[in-house]
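Asks: the following block contains a protein sequence and its predicted model.
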Amino acid sequence: MSDATPPSAPYVRPDVKVLLDMLAAMGGPKMSEIPLADARASYAQMGLLVEADPVPLATITDLTCPGPRGDIPLRLYDSRSDRGPGPVVMFYHGGGFVIGDLESHHALCTTIAAELDLPVVAVHYALAPEHPFPASDEDCIAATRWVADNGLKLGREITGIVTIGDSAGGHLAIVVPQALAKQPAKVPVIMQIPIYPATDESSDGSMTEFADGYLLTKETMDWFMDCYAPEPGNPMAYPIHGDQAGSPPTLLVTASLDPLRDQGRRYAAALAAAGVECHFMEMKGIVHGFVNLRKAVPSAQADMLAILAQAKLMLGRILA
């Protein structure tokens with residue numbers, strides 16, 4: 001008879017369990033098994049059911065900027081119609097570089113703009129597989145550089161950039177500051193906020209532990225990466241291999257039930273090893289994608305507000 005103690009089941013919040021049980025009962029084909037257009041439409045429809053309502057703002061304006069493949073769609077959010085000089089927040093949406101757009105993260109961007117009381121510019125970058133690596137990264141770098149250099153076109157005097165994004169967008173929130181550290185824009189990146197980012201090539205640890213049954217699956221991640229087609233060892237594809245010493249102060253967020261959890265943990269450790277200020281928040285008992293689940297999972301809204309409260313504290317000190 002073995003004396004080995006079986007591993008304990010991970011903690012799952014009650015409201016998260018309700019969602020996971022509902023999704024399991026629904027069944028249906030996997031995202032990678034249906035036509036790409038249907039996968040994108042399904043993601044958009046699910047968002048209407050599970051995401052919080054948008055916050056009313058004084059300014060919500062669609063615009064574009066030039067990019068390497070043509071015009072890049074942007075959306076400006078601001079709780080004020082005009083304001084004095086200050087930072088602007090650049091937001092990059094998640095979706096595995098394959099799904100998602102300005103609409104899928106619209107409500108989240110309104111919350112960020114309202115809670116931080118800063119203008120937010122959301123970027124809709126070129127998606128894979130039609131535009132594989134490095135298209136998404138190049139678009140976000142180009143859009144951020146354009147915003148940094150053209151504040152007056154937004155009606156704002158911009159003094160610094162804050163990058164923020166979730167999942168693939170968390171990856172982009174790291175890649176953009178690394179690129180602008182090498183070739184600076186008119187104003188600097190003063191802070192980055194990657195939320196459950198994809199940072200390295202790993203396929204073990206949390207990727208195995210939460211491979212199935214926790215919303216994002218390893219199979220879906222593999223499909224995303226097949227579409228994205230990153231170049232092995234390229235720091236733009238895997239930013240943990242980039243120069244961390246030049247990174248701005250960082251607020252890094254992970255979810256404890258996320259296949260990408262350990263990638264975020266390793267990136268936080270790499271920042272600390274490089275002597276970069278890094279505040280690490282791991283949200284316990286919740287899954288990947290929680291920033292877009294705030295209606296279905298009420299505790300996710302509290303998490304998002306806690307993240308933004310910490311961001312305000314950090315920004316207050318940075319700007320002092």
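Replies: Great, that's in hand.
Asks: can you map out the strands along the stretch 101-250 of the chain?
Replies: Secondary structure of the stretch 101-250 of the chain by DSSP state E, counting those that start in this stretch: the strands cover 120-123, 158-166, 189-195, 250-255.
Asks: using CSV, write down the CA coordinates of the shortest one.
Replies: C-alpha atoms of strand 120-123 as CSV (Å, rounded to 0.1, in the frame of the first residue of the first chain):
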residue,chain,number,x,y,z
VAL,A,120,-6.7,55.0,-22.9
VAL,A,121,-5.9,54.1,-26.5
ALA,A,122,-6.8,50.6,-27.5
VAL,A,123,-5.1,49.0,-30.5
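Asks: for it, name the packing helices and strands.
Replies: In terms of contacts (3 or more C-beta pairs under 8 Å, 6 or more residues apart in numbering; DSSP states H and E), strand 120-123 is packed against strand 70-78, strand 86-92, helix 106-116, helix 135-149. The way it works is simple: take the backbone N, C-alpha and C, and place the C-beta from them, glycine included.
Asks: which one of the ones you listed is the most hemmed in?
Replies: Among these, judged by mean count of other C-beta atoms under 10 Å, the one packed with the most neighbours on average is strand 86-92 (a mean of 24).
Asks: about what we covered before: reformat the helices and strands packed on strand 120-123 as JSON lines; add mean pLDDT.
Replies: Output for those, formatted as JSON lines (pLDDT from 0 to 100):
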{"stretch": "strand 70-78", "mean pLDDT": "98"}
{"stretch": "strand 86-92", "mean pLDDT": "98"}
{"stretch": "helix 106-116", "mean pLDDT": "98"}
{"stretch": "helix 135-149", "mean pLDDT": "98"}
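Asks: with distance to residue 224 as new columns, can those be given to me in TSV?
Replies: Listed next are these as TSV, based on distance: least, C-beta to C-beta, whole Å:
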stretch	distance to residue 224
strand 70-78	21
strand 86-92	15
helix 106-116	20
helix 135-149	11
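Asks: out of those, nearest to residue 31?
Replies: helix 135-149 (18.0 Å; C-beta to C-beta).
Asks: re earlier: indicate which one of the helices and strands packed on strand 120-123 is closest to residue 243.
Replies: helix 135-149 (15.2 Å).
Asks: from the chain's centre, how far out does that closest one sit?
Replies: 15 Å (C-alpha atoms, centre = their mean, to the nearest Å).
Asks: which stretches of this protein have low pLDDT?
Replies: The model of the chain has pLDDT under 70 over residues 1-7.
Asks: now with 50?
Replies: Where the chain drops to pLDDT under 50, the residues are 1.
Asks: contacts for stretch 64-78 next, please.
Replies: Identification of contacts with stretch 64-78 by C-beta atoms under 8 Å, 6 or more residues apart in numbering yields 57-63, 102, 106, 109-110, 112-113, 118-126, 131, 135, 138-139, 142-143, 146-147, 150, 154, 156.
Asks: and the gap between the residue nearest the centre of the chain and residue 102?
Replies: Centroid check for the chain by C-alpha atoms, centre = their mean gives residue 166 as the closest residue, at 1.4 Å. To residue 102, residue 166 is 14 Å away according to C-beta to C-beta, to the nearest Å.
Asks: please apply the same query to residue 62.
Replies: For residue 62, the distance to residue 102 - C-beta to C-beta - is 8 Å.
Asks: between those two, who's got more neighbours?
Replies: residue 102 (16 against 11; other C-beta atoms under 10 Å).
Asks: contact partners for that one?
Replies: By C-beta under 8 Å, 6+ apart, the contact set of residue 102 is 62, 73, 75, 93, 122, 124.
Asks: next, give me the two most distant ones among those residues.
Replies: Across the contacts of residue 102, the longest distance by C-beta to C-beta is 14.6 Å; it joins 62 and 93.
Asks: bridged to the residue nearest to the centre of the chain, which residues?
Replies: residue 195 (DSSP bridges).
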